[in-house]
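Student: Output the structure for:
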Amino acid sequence: MKRAVGGLGASAAALALSGCVLFSGPRREFVSQDEVLGSIARTAGFAPDGGLWSLVHAEVSRDSITLQYLGVEHPGDSAWVIRFSQKSTEQRPESVGTLSGMMMAIAKGKDGFEAIEKGERTAGELPVEFARYRSRSTFRDEKGRPVEAAGIAAIVKLDRPPAPVVYKINVENYAGDRPEIGWADLEPFLRAIGG
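Tutor: Modelled structure (predicted):
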C-alpha cells in the first residue's frame with residue numbers, strides 16, 4: 001500500500017515539476033435542480049442532443065427565455081440561447097433580431113475581438129445567419145500569454161403567428177482548449193429548434 005501511495009506521490013510531484021498540476025477540490029454536495037431545468041427545456045421545446053450539453057441556468061419571462069449550457073464532451077465550451085418574440089408595438093421590431101447587434105453585444109469586454117467568417121445557410125428548413133469569431137481570453141497559457149478564444153453566433157427568425165420568433169445562439173470556447181468553433185457546434189441547437 002505504501003508503495004502505491006509513494007508512486008502516486010512521485011507521479012504528482014513529476015506532474016507538478018513539468019508544469020502540469022492536477023487540483024482536486026472537495027466534492028460539493030447540494031440538492032440539484034437539474035430536473036427543474038430539464039422540465040423548462042422540454043416545456044420550451046428546446047433540448048439539444050442529449051449528452052453534448054448540460055443546461056445549467058434558465059431565465060423565463062412572458063415573451064422570452066434564456067438558456068445557458070456547459071459542454072459535456074468539451075468542458076471548456078459554453079453556450080446560450082435566447083428565444084423571444086418580436087413585439088408588434090416596437091418601433092423597429094426587426095432591429096432587435098440582427099446579427100450585427102448580437103455581435104456588438106458579444107464583443108463587449110473581449111480583447112482582440114474579430115469576426116472571421118460571416119454567412120447565411122439553411123439547416124433543414126431553418127434560415128440561419130451566422131458569424132464565427134475569435135478574441136483573446138482572460139485565461140493564460142504557461143508563458144502568461146492570453147489564449148485564443150473562439151465562438152460562433154447565429155440568428156434564426158421564424159414566422160409564427162401572431163409575431164415572429166427569434167433565436168439568438170452563441171457557442172464559444174473561452175478556455176482556449178478548442179481553437180476552432182464552427183457550424184458543427186451550432187447543429188445540436190439548430191436541430192432543437194427544428195424539433
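
Student: what about residue 136, which helix or strand?
Tutor: For residue 136, the element it lies in under DSSP states H and E is strand 126-140.

Student: what mean pLDDT does that strand have?
Tutor: For strand 126-140, the mean per-residue pLDDT is 92.

Student: Equivalent analysis for stretch 187-195, please.
Tutor: On average, stretch 187-195 scores 86.

Student: Flag every buried residue along it.
Tutor: For stretch 187-195, burial by neighbour count (16 or more other CB atoms under 10 Å) applies to 188, 189, 190, 192, 193. Heads up, the C-betas are built off the backbone N, CA and C, glycines and all.

Student: now stretch 178-186
Tutor: Quick answer for stretch 178-186 (16+ other CB under 10 Å): 178, 181, 183, 185, 186.

Student: so residue 170 bridges to which residues?
Tutor: In this structure, residue 170 bridges to residue 80, residue 153 when assessed by DSSP bridges.

Student: cool, and residue 166?
Tutor: residue 84, residue 157.

Student: Does it touch residue 101 like I think?
Tutor: No: using CB atoms under 8 Å, residue 166 is not in contact with residue 101; the gap is 11.1 Å.

Student: Have a look at those two and say which one is more surrounded.
Tutor: residue 166 (21 against 13; other CB atoms under 10 Å).

Student: what helix or strand does residue 163 sit in?
Tutor: Using DSSP H and E, residue 163 falls outside every helix and strand.

Student: ok so residue 36 is a strand residue?
Tutor: No: using DSSP: H, G, I helix; E, B strand; the rest coil, the assignment for residue 36 is helix, not a strand.
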